[in-house]
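Visitor: quick one: sequence plus predicted model below, questions after.
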Amino acid sequence: MAIIEPVNNPSSWVSPMVPILKSDDDIRIYLDMRAANKAIIRENHPLPTMGQLIPKFCKATYFSKLDIKNAFHQVELDKNSRNITTFITSKGLHQYKRLMFGISCAPEHFQKIMEKMLLPCEGVVNFIDDIVVFGRDKKEHDTRLQHVLTVLKDNNVLLNKNKCIFNAKSIQFMGHELSQSGIKPLDKYIKAIETFRPPETIEEIQSFLGLINYVGKWIPNLSTLTEPIRQLLRKKMHKNANIITFWKKEHSTAFDELKNCLSKIPTLGYYDPNDRTQVIADASPVGLGAVLIQYDDNGPRIIAFGNKSLTDIEKRYCQIEKEALALVWAIEHFHMYLYGKKFELITDHKPLEVIFGTRSKPCARIERWVLRLQAYDYKVIYKPGKSNIADPLSRLCTTSIQNSSFEDEHHVNQIVQHARPIALSLKSIIEASNDDDEFKLVKDALMNNAWDASINNYKLFQHELWLHDGVLLRGNKMVIPTKLRKQVLAAAHEGHPGIVNMKARLRTKVWWPKIDKDAENTVKSCRGCTLVSAPNPPVPMKRRELQKPGWIQPLIFWVHSQAEIIF
């Protein structure tokens, strides 16, 4: 199998050669194809992720791993494409006859070929040149393995015998250890973190956090544990600047705690679409935590943990918004497992049961989040923090959690319920609408398309106005009759928001002509807002006429028929 061939003609593409020493003391030749890759049109075939492949190993007990020898070199290049692989040596110019390392589209092209080749086979996955065959028992595994080997033989695929593993209880694949129990990170990566010394520069902090993120799905409270260390990255320093002077006790505590978590890493189970599924989410002042759990006859098993650090803006959200954000983020984080499947969404924040229900009317921000989840089939269930496994996911390790009883929480909820503004009932709106003379004219105009001059403010929006059960609406907003507008304005001004925020409150629910002007007047006439608002702007300067000098305006008086000029 010839891999390269000499080039006797001038070539418009010439790349330098880079020899690399492999781990088995063999030499691999690479080409620096950076310039040539800019001219190559890629197929953009997607490579599978570990998250997409892991669920396929569900209930597997036997594994075999096959390694394709010199994988890229087993794919022949078209003669018209070989010239772009031309490289220079001491023996002159040569070009590749086979696919080679360095071509930007080589991995995705080879993955596409292998996926098409293995499509008829069951119980097999591949990632470029690695093939894994698995089965629920030895008989099923052997049958599938025999089928895969036959397909590879028929397509003249050569395997590397020294790297193939057959009938194993566990194997290493894509940086993970796969077994009947589930998946774990490789020991070499855990050891690299355990032996990592305290970082001294920004660049070393980034390297440490990169290693930690690799095992992030096994550490429940990662975002909160790393918060003290990540704060150092926000300092405006060069990546090689020394940070020893900024390294405090809280940083050492977080650094040591992260290392201690490695000794308690659990084995994550395989996702089964037929099992009952739960997503548990929680929020802390600095981060979000989530866990995906499934239940079968043997009880619950953890599929994956998820963590997210809050941005500076998100940290300023009120707690109920953080808790709602945790639910939305958790579902979108586990999208590939949850989309198209019914599941339970567990929270320790009781108001979210109602907010994420079908009849809720939350604030604009939470309402947008609720709309983002309309494509999912879920049910929000409340569980107190003590019984919520995700509660510690977002807590600081150095923060003590105060215990509170359910009765205390219920008492607080009662206070909140009685403190809310009193809403208008639909009955009162219908009655006020029927008694409003202006509304009667609008309703008649909508029915007969004859608009009186006194209701021109409504005529501008005639294509948006409509009636439903005696209620006048503009789009999805209720039109409030004159009698109730002061009550609506008072409710919208609860908490003394400014003009902009009060308008935003009103616009999401209600409308009437000149509603913005009424909102402005309400805020300006509020004594409480006036006392705390900015002082009135200074009175604009007025032009002042200066005294004019003499010899400007002559005055003529006639006295005794003689004129006198006085200046």
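Guide: Cool, the structure landed. Owing to the predicted nature of the structure, the values given are computational and were not obtained by experimental measurement.
Visitor: middle-most residue in this protein, spatially?
Guide: Nearest residue to the geometric centre of the chain (C-alpha atoms, centre = their mean): Trp329, 6.1 Å.
Visitor: wouldn't that one be in contact with Lys308 here?
Guide: Yes - taking C-beta atoms under 8 Å as the definition, Trp329 is a contact partner of Lys308 at 5.7 Å. Bear in mind the C-beta positions are built from the backbone N, C-alpha and C, glycine included.
Visitor: how about low-confidence regions in the chain?
Guide: In the predicted model of the chain, residues 1, 235-241, 359-360, 385-423, 531-538, 546-567 satisfy pLDDT under 70.
Visitor: 50 - rerun?
Guide: Filtered on pLDDT under 50, the chain yields the residue ranges 386-387, 389-422, 561-567.
Visitor: returning to what we had before: tell me which element the residue nearest to the centre of the chain falls in.
Guide: If you go by DSSP states H and E, Trp329 is part of helix 319-333.
Visitor: need the residues that contact the helix or strand following that helix.
Guide: Downstream of helix 319-333, the next assigned helix or strand under DSSP H and E is helix 335-338. By C-beta atoms under 8 Å, 6 or more residues apart in numbering, the residues outside helix 335-338 that reach it are 51-52, 55, 271, 277, 279, 292, 303, 331, 376, 378.
Visitor: just the CA atoms of the helix holding Trp329, as CSV, please.
Guide: The C-alpha trace of helix 319-333 is given here as CSV (Å, rounded to 0.1, in the frame of the first residue of the first chain):
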residue,chain,number,x,y,z
GLN,A,319,-33.8,34.6,44.9
ILE,A,320,-37.0,33.5,43.2
GLU,A,321,-35.6,34.5,39.8
LYS,A,322,-32.4,32.6,40.5
GLU,A,323,-34.4,29.5,41.5
ALA,A,324,-36.5,29.9,38.3
LEU,A,325,-33.3,30.3,36.2
ALA,A,326,-31.9,27.1,37.8
LEU,A,327,-34.9,25.1,36.5
VAL,A,328,-34.6,26.6,33.0
TRP,A,329,-30.9,26.2,32.8
ALA,A,330,-31.0,22.6,34.1
ILE,A,331,-33.5,21.5,31.4
GLU,A,332,-31.6,23.1,28.6
HIS,A,333,-28.3,21.7,30.0
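Visitor: who are the packing partners of it?
Guide: With contacts taken as 3 or more C-beta pairs under 8 Å, 6 or more residues apart in numbering; DSSP states H and E, helix 319-333 sits against strand 276-283, strand 287-296, strand 299-309, strand 342-347, helix 351-355, helix 364-372.
Visitor: how about the nearest residue to Asp32 once chain neighbours are set aside, phi and psi?
Guide: Distances taken as C-beta to C-beta, 6 or more residues apart in numbering place Pro16 nearest to Asp32, at 4.8 Å, with adjacent residues excluded. Dihedral pair for Pro16: phi -80, psi 150, per degrees, to the nearest 10.
Visitor: and Pro16, what does it touch?
Guide: Pro16 is in contact with 31-32, 87-88, counting by C-beta under 8 Å, 6+ apart.
Visitor: so what's the residue nearest to the centre of the chain up against?
Guide: The contact partners of Trp329, by C-beta under 8 Å, 6+ apart, come to 281, 288, 290, 306, 308.
Visitor: buried residues in the longest helix belonging to the chain?
Guide: Ranked by residue count, the top helix of the chain under DSSP state H comes out as helix 138-154. Going by neighbour count (16 or more other C-beta atoms under 10 Å), the buried part of helix 138-154 is 140-142, 144-145, 147-149, 151-152.
Visitor: so which of the contacts of Pro16 is the most crowded?
Guide: Within the contacts of Pro16, neighbour counts (other C-beta atoms under 10 Å) peak at Phe87, which reaches 25 neighbours.
Visitor: thinking it is in contact with Met17, fair?
Guide: Yes - between Phe87 and Met17 there is a contact under C-beta under 8 Å: 5.1 Å.
Visitor: so what sits against both of those two?
Guide: Taking C-beta under 8 Å, 6+ apart as the contact rule, the neighbours common to Phe87 and Met17 are Leu31.
Visitor: winner for burial among the helices and strands packed on helix 319-333?
Guide: strand 276-283 (a mean of 24; mean count of other C-beta atoms under 10 Å).
Visitor: by contact count, what packs against that strand?
Guide: So strand 276-283, by 3+ C-beta pairs under 8 Å, 6+ apart, packs with strand 287-296, helix 319-333, helix 335-338, strand 342-347.
Visitor: show me where the stretch 51-200 of the chain has its helices.
Guide: In the stretch 51-200 of the chain, the helices defined using DSSP state H, counting those that start in this stretch lie at 106-118, 138-154, 187-194.
Visitor: any chance of the ones you listed in JSON lines, plus distance to Lys350?
Guide: Below are these laid out as JSON lines (distance: least, C-beta to C-beta, whole Å):
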{"stretch": "helix 106-118", "distance to Lys350": "48"}
{"stretch": "helix 138-154", "distance to Lys350": "47"}
{"stretch": "helix 187-194", "distance to Lys350": "39"}
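Visitor: to Phe255, which of the ones you listed lies closest?
Guide: Nearest of those to Phe255, taken as C-beta to C-beta: helix 187-194 at 10.5 Å.
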